[in-house]
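> I'd like to go over a predicted model; first the sequence, then the structure.
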Amino acid sequence: MSRLWFFVALWLCMAASFLCLGRSKAAGTAAGAAGLEIQAPGPGEGFLRVPINANPPTLDPTFVVTVVADGIDRRIFNTLVRHSPDESGRSLAIKPDLAESFECSDGGRLYTFRLRPGVKFHTGREVVARDVKWSLERLIFPDGYERLFELDRILGAQEFREAARKWRASLPPGDSVYADWSAAGLGVEGIRAPDKRTVEIELREPFAPFLSLMALTPAAVLPKEEVLRRKSDFGRFPIGTGPFRVAAHEPNSHILLERFDGYFEGPARLKGIFYRVVKENSVALQEYRAGRFDLSPVPMGMLREIKSDPSLSGELSETSGLSTAYLGFNMESGPAAGNVHLRRAMAFAVDREYLCSAILDGAAVPAKGVLPPGIPAYDPELKGQRYDPDAARRELEAAGFPEGKGLPPLRLYYRADGEGRLVCHAIQMQLRRAGIAVDLRPLEWGTFLARTRRGECPIFRLAWVADYPHPHNFLHTLFHSLLAGETNRTRTRDPDIDRLADAALQETDPAKSAELYRAAERRVLELAPWVVLYHGKTNLLIKRYVRGIRGRVTPLDVDTVLPGVDFHKVEMSPDFACAVDR
Amino acid sequence: METAGGKDGEGGSSGVPSGKRDSEGTCPMFHGAVAYGEPCAGAAISPSGPGAPSPLAAAWRRLARNRGAVFGMIVICAMSLAAAGAPVLSPHSYWDGVPGCERLGPRPGFWLGTDLLGRDVLSRMMHGARISLAVGAAATVLSLAIGLTVGLAAGYSAVYSRGLLDAALMRLTDTVYAFPGILLAVGIAAIAEKPSPYIVFIALGLSGWPGIARVTRAETMKIAAAEYVLAARSLGVPTSRILLRHILPNALSPVTVMATLAIGGNILGEAALSFLGLGAEDPYPSWGGMLSEARDHFTVYWWMGIFPGMAIVLTVLAFNVVGDGLRDALDVKSGGASY
Amino acid sequence: MWGYIARRLLQCVPVLIGVTMVSFAIVHALPGSPAEVLLGPRASAEQIEAAAEELGLNKPLPIQYLKYLGRLIRGDLGVSWSQKDLHVSKILIRDLGVSARLALGAMSFAMLLGIPLGILSARKPYGKLDNLAMGVSLIGVCTPAFWLAMLLVLIFGVWLRWLPISGYEPGSLAHLVLPSVTLGAISAAILARMTRASILDAMGEDYIRTARSRGLSEWRTLLAHAFPNAALPLITVIGSNLASLFTGAVLTETVFSLPGMGRELYEAIFNRDYNLMLGCIVVMAVIFVLANLAVDILYAFLDPRLRRR
């Protein structure tokens, strides 16, 4: 009999520890400033509840690399300027943020920003020009894994990095990111703070998208003393100037932001924002339907269903985004490298309308060219790449493979676990109908990135999401021979593209510059290192009682984190209660 | 004492024909796997019919009388047939969608509906059966081969030698047990030129044997301590003979439970790895891959997820009942003799 | 007994060394570097090189391994790369709490359902209740956890809306109901089958016949004599299942968005977060080894025949 009791006891132990584990954590609520110990805010408590599909590696803006961290940091930090929709609402313009005014002089080489008075960090200290200087220098500092490598165009940036690298070598290893180079007398010559409210930035040469760089999240203004004091904790509990600050942060689970009452435009209307990690978009949607989120992404292929659901269709928000999905060819080696006709034949053989309507279900719009709508040089009249089976047949013949005879199967590489997988299945279907046999090679993401970088993939499917709304970020970043093997994954080396992209950057007249970019784009399409596929759209469901998001989603906004939306003005409408009971 | 009566009725000792179970109107299909250790009909001692020329034929007859096993065999045969004949039998292509027929519900022509690309779910499932069955079976064979060897050797040496071999083998088992199979799969997949079912088969096979080894070892230890083994040893029967003739057959019943579960587990494991994109030989379907493709649309396009899932359940179920039916039919020694 | 436990603990050392060595080799054979995955297509060659330098990936593998082992012995698991500079041990302690609750919840559910079901089935084999219970448990064993999760989410989360379908809140039991059931379903089914089979096995023994002939009631025979003797296989199943529930819940944790160990490892692999990956593997290995140790000790404790070892 004793063994029977043993089992009963064993079970009781398990059940008890199961319950107790929960209790002990809950008991820590009062003590712990953060952690698992918080309850999700319920509906009607004034918190906006938002799903995020990935864990932000860090919230330290200098090291922000993911969309999610970018969007959350936008709530916590401010930059000198920001991107806002212009009057037409279709494209983005640079608007003041921490800088109340800014001007460009010396033929585009000198930028002068005048800081808004009385802006305070969450700690209560006032923001001064030196903070801006230090924050930007931190991006150039050797440990900044910056995506803003273009900041090297600031006068003295490269010299600073060299000097800082030497200086850092003399430090004990480990904490160098959190060391204070300004105390050691180092600094970037071209970034100056002549008085408390003026910041001057001098470039080596004119660089048209410079203000766009200053509007990006990594260029946020940070309080030096807090960064140095909190060290790596700053990535979890950052201090900024934004309308919200971090109240609780549990990696891989949730982040709770609360309202910062000292915000320079007045306190936000929301009490806070509750971000919870939900990997699967379909789960997020179900939680949204059950009333546990106020916002949800639309899972791939679900748009049609949502549109036909009367209770959901009114909550849908569709916005085109600044991204382009493409098939890239390795231009150095492989069957497509020396054969422009083969590349063009493939471009003609892909039915983009079908991809967008049948597979992506309206979550994307067919692409004709490299630039997505919303980018200044976007050409709505562009003929570009299009579906044309007859042309595909002709090009295939010109390529030396009439009807595909003699053409070995082409290997198409792509990320195995993304939306691209089904798209590649469909592309294989379409290309086979055109006589082009394709071998599908799904790869796990890390392997995929390594292989495409090393140039081991003859054809690959990727998507590029703009860092900032400027054609430079497409036509230079993705096709310039200087960046071949880096962001230029196709390893395109074409003097015409290089010349046009360089000239466009030097051109001060926006209209002429746009014309040069369009010429560069046409050259890219002619050379066809890419088969352009589609431009992504941001499809969201937003509860009716949430005001201030619908209609304000910008092309820069990807996913639910909405970096481009000003959350300061978002509010929950008072008729909330009846909306919930629906 | 009715339970005891029923029990005895099946026990070998009473000599009641094993067919009695069916005549009692029970549902052996649900019991096969569970009957672990249960004494089976003493057919080997007293052949079930005068016309039985060999034990194998007798076993086959017993198997044929087990309704559950017959059901399972029919399912497995049907699945295998569908798998083998998929290129000929499938009504549509597995890779080419029918334009204009995207995401259709089940209907004549597309009996199980179509997916987002207009591909026939039934055809894809038939092709998917090839991957799922082949990988599930092959990985189990690999696991069984390793697990049985290790378990027998370890268990026997634990009882009858100093246990050094046992210690070494169990450390190895623990190591593999403690090793996350997913890392192995990702590792093999990353090093291989392209994803293929072989990756899944090897990863599952190499990481699946410790469970079998542990159960075999525990069972071996139990049996090895039994008097008849002691007697055999004292009579000087060689160790290999003891292992193969006395211990292995008696250890087989729990191991069969484990192994039949392992086929299921491996079919499920294949599904999990395909879900992560590791075994996918795109656009070739597997059931797990189809499930993962369907997961975002499960609430609306239910047929994309329900049918592959049902195929998995049905197949795993079939393997379980057949495995147990086989064991009942082949098991020469009745379980009662273990001690 | 204490000597035995000490010896078993010592045996964990080679297991841990084996596990870390193999994982280390695989981890470093994976193509792609942390910077590459973290920065995505934006990574420049310089950044990837910098990441390799910072992580010490340019040194020979055996030296890297010995260094890692050295740190491990001092209890230092290093810092995570993908969760910028957070200590791996901190991350894992948090994950462990979640995984422990999930595993315990799943096993509690499994035992609560499985063992009584098995006993009831064994009382009247081939009775109606038995058929039903074994039918359900057989289907339970055959159901992919992932598919079961999808069904449960559909039924309880979407149609009935009784339970939350994702996330983790320590105070709330509701969040763990569906994951526990999903994760515990297979264990419950296995336990039910094992319990029934073991009891039926024991029922054939002489001492049961003796007990019966003494006129003991059926229930008493079952619970006091048959079940205790059938308990040993159950302990193996519970022990090893508990360990694998602890660490092998990747899919369950992913589907229900729970921040547990399995998902942490899964993501660490895909993020190429070497320290976190190895930390997870080490902790999982320790759990496995300890669980198996506990099973063996219980075996020795409960079965006098084996105690002589």
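Sure thing, it's come through. Worth saying up front: this structure is predicted, and the values here are computed from it rather than measured.
> what packs against the lengthiest helix in chain C?
Looking only at chain C and at elements set by DSSP state H, the helix with the highest residue count is helix C:88-123. When contacts are defined as 3 or more CB pairs under 8 Å, 6 or more residues apart in numbering or on different chains; DSSP states H and E, helix C:88-123 sits against helix A:2-27, helix C:128-142, helix C:174-203, helix C:227-247, helix C:250-255, helix C:261-271, helix C:274-302. (C-beta placed from N, C-alpha, C; glycine too.)
> Now mean neighbour count, distance to A:R493 and mean pLDDT too, for the ones you listed, in CSV please.
Below are these laid out as CSV (neighbours: other CB atoms under 10 Å in any protein chain shown; distance: least, CB to CB, whole Å; pLDDT from 0 to 100):
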stretch, mean neighbour count, distance to A:R493, mean pLDDT
helix A:2-27, 15, 57, 67
helix C:128-142, 20, 57, 86
helix C:174-203, 25, 52, 86
helix C:227-247, 22, 49, 79
helix C:250-255, 25, 42, 82
helix C:261-271, 26, 32, 86
helix C:274-302, 22, 35, 83
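> Any chance of JSON lines for the ones you listed, columns distance to A:R114?
Written out in JSON lines, the entries for these read as follows (distance: least, CB to CB, whole Å):
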{"stretch": "helix A:2-27", "distance to A:R114": "49"}
{"stretch": "helix C:128-142", "distance to A:R114": "69"}
{"stretch": "helix C:174-203", "distance to A:R114": "50"}
{"stretch": "helix C:227-247", "distance to A:R114": "57"}
{"stretch": "helix C:250-255", "distance to A:R114": "49"}
{"stretch": "helix C:261-271", "distance to A:R114": "42"}
{"stretch": "helix C:274-302", "distance to A:R114": "45"}
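> I'd like those helices written out as JSON lines, with distance to chain B added.
Output for the helices and strands packed on helix C:88-123, formatted as JSON lines (distance: least, CB to the nearest CB, whole Å):
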{"stretch": "helix A:2-27", "distance to chain B": "16"}
{"stretch": "helix C:128-142", "distance to chain B": "4"}
{"stretch": "helix C:174-203", "distance to chain B": "3"}
{"stretch": "helix C:227-247", "distance to chain B": "6"}
{"stretch": "helix C:250-255", "distance to chain B": "6"}
{"stretch": "helix C:261-271", "distance to chain B": "5"}
{"stretch": "helix C:274-302", "distance to chain B": "4"}
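> With B:L243 as the reference, name the closest of those.
Closest to B:L243 of the helices and strands packed on helix C:88-123 is helix C:227-247 (CB to CB; 20.8 Å).
> Low-confidence stretches in chain B?
For chain B, the stretches flagged by pLDDT under 70 are B:1-56, B:193, B:253-254, B:257-258, B:260-261, B:275-277, B:280, B:327, B:330-339.
> picking that back up, what mean pLDDT does the longest helix of chain C have?
For helix C:88-123, the mean per-residue pLDDT is 88.
> before we move on, what about stretch A:404-417?
Stretch A:404-417 comes out at a mean pLDDT of 89.
> cool, and stretch A:570-582?
61.
> Stretch A:487-503 now?
On average, stretch A:487-503 scores 93.
> What is the distance between that stretch and the centre of its chain?
23 Å (CA atoms, centre = their mean, to the nearest Å).
> For A:F77, which of the helices and strands packed on helix C:88-123 is the nearest?
Judging these by CB to CB, what sits closest to A:F77 is helix C:261-271, at 24.2 Å.
> Residue 216 - nearest residue in space that isn't next to it in sequence?
Using chain A. A:Y468 (6.0 Å; CB to CB, 6 or more residues apart in numbering or on different chains).
> Please refer instead to chain B.
Here the residue nearest B:T216, using CB to CB, 6+ apart, is B:G151, at 2.5 Å.
> Could you check stretch B:226-237 and say which residues are buried?
By neighbour count with 16 or more other CB atoms under 10 Å in any protein chain shown, stretch B:226-237 contains the buried residues B:A226, B:V229, B:A232.
> tell me which residues in the longest helix of chain C are buried?
For helix C:88-123, by 16+ other CB under 10 Å, it's C:88-89, C:91-92, C:94-115, C:117-123.
> and if you look at stretch A:238-254?
Buried-residue list, stretch A:238-254, by 16+ other CB under 10 Å: A:238-254.
> next one: stretch A:559-577
Under the neighbour-count criterion of 16+ other CB under 10 Å, stretch A:559-577 has A:559-568, A:570-572, A:576 buried.
> Pick the one among those residues closest to A:A511.
A:G564 (25.2 Å).
> Closest to A:L440 out of the buried residues of stretch A:559-577?
For these, the nearest to A:L440 is A:D559 (26.7 Å; CB to CB).
> Apart from its neighbours in sequence, what residue is nearest A:L527?
Going by CB to CB, 6+ apart, A:L527 has A:D494 as its nearest residue, at 5.9 Å.
> What is the neighbour count of the one you found?
A:D494 has 19 neighbours, counted by other CB atoms under 10 Å in any protein chain shown.
> got a list of what it touches?
With contacts defined as CB atoms under 8 Å, 6 or more residues apart in numbering or on different chains, the neighbours of A:D494 are A:F479, A:S481, A:R523, A:L527.
> Same check on C:N271?
Contacts of C:N271 (CB under 8 Å, 6+ apart): A:P57, A:G446, C:P34, C:V37, C:L38, C:W81, C:S82.
> mind redoing it with 10 Å?
Contact analysis of C:N271 by CB atoms under 10 Å, 6 or more residues apart in numbering or on different chains lists A:54-55, A:57, A:445-446, C:32, C:34, C:37-38, C:80-83, C:277.
> From A:M302, how far off is C:Q83?
Look at C:Q83 and A:M302: by CB to CB, to the nearest Å, they are 31 Å apart.
> Stretch B:223-238 close to chain C?
Yes - counting by CB under 10 Å from any CB of the partner chain, chain C has neighbours in stretch B:223-238: B:A225.
> quick one: the helices in the stretch 101-250 of chain B?
Remark: helices assigned in the stretch 101-250 of chain B by DSSP state H, counting those that start in this stretch are B:121-160, B:164-178, B:181-191, B:197-224, B:227-234, B:239-241, B:248-275.
> I'd like those as TSV, with distance to A:A514 appended.
Shown next, in TSV, are the helices of the stretch 101-250 of chain B (distance: least, CB to CB, whole Å):
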stretch	distance to A:A514
helix B:121-160	48
helix B:164-178	61
helix B:181-191	43
helix B:197-224	49
helix B:227-234	89
helix B:239-241	84
helix B:248-275	46
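> I'd like to know which of those is closest to C:V295.
Of all the helices of the stretch 101-250 of chain B, helix B:197-224 sits nearest to C:V295, with 9.0 Å by CB to CB.
> Contact residues of the stretch 1-150 of chain B facing chain A?
B:93, B:95-97, B:99-100, B:102-103, B:115-119.
> from the chain's centre, how far out does the biggest strand by length in chain A sit?
Criterion DSSP state E: the longest strand present in chain A is strand A:530-542. Distance of strand A:530-542 from the chain centroid (CA atoms, centre = their mean) equals 13 Å.
> Which SSE is immediately downstream of that strand?
On the C-terminal side of strand A:530-542, the closest following helix or strand by DSSP states H and E is strand A:546-547.
> Show me what that next one is packed up against.
strand A:571-572 (3 or more CB pairs under 10 Å, 6 or more residues apart in numbering or on different chains; DSSP states H and E).
> Which strands and helices lie in contact with the strand it packs on?
strand A:47-52, strand A:546-547.
> Pick the most buried one from those strands.
Of all the helices and strands packed on strand A:571-572, strand A:47-52 carries the top mean neighbour count, a mean of 24, counting by mean count of other CB atoms under 10 Å in any protein chain shown.
> between that one and strand A:530-542, how many degrees?
150 degrees (axes from the mean of the first three to the mean of the last three CA atoms, to 10 degrees).
> where does the stretch 401-550 of chain A have low pLDDT?
For the stretch 401-550 of chain A, no range has pLDDT under 70.
> how close does the residue nearest to B:T216 sit to B:D328?
Relative to B:D328, and taking CB to CB, B:G151 is found at 22 Å.
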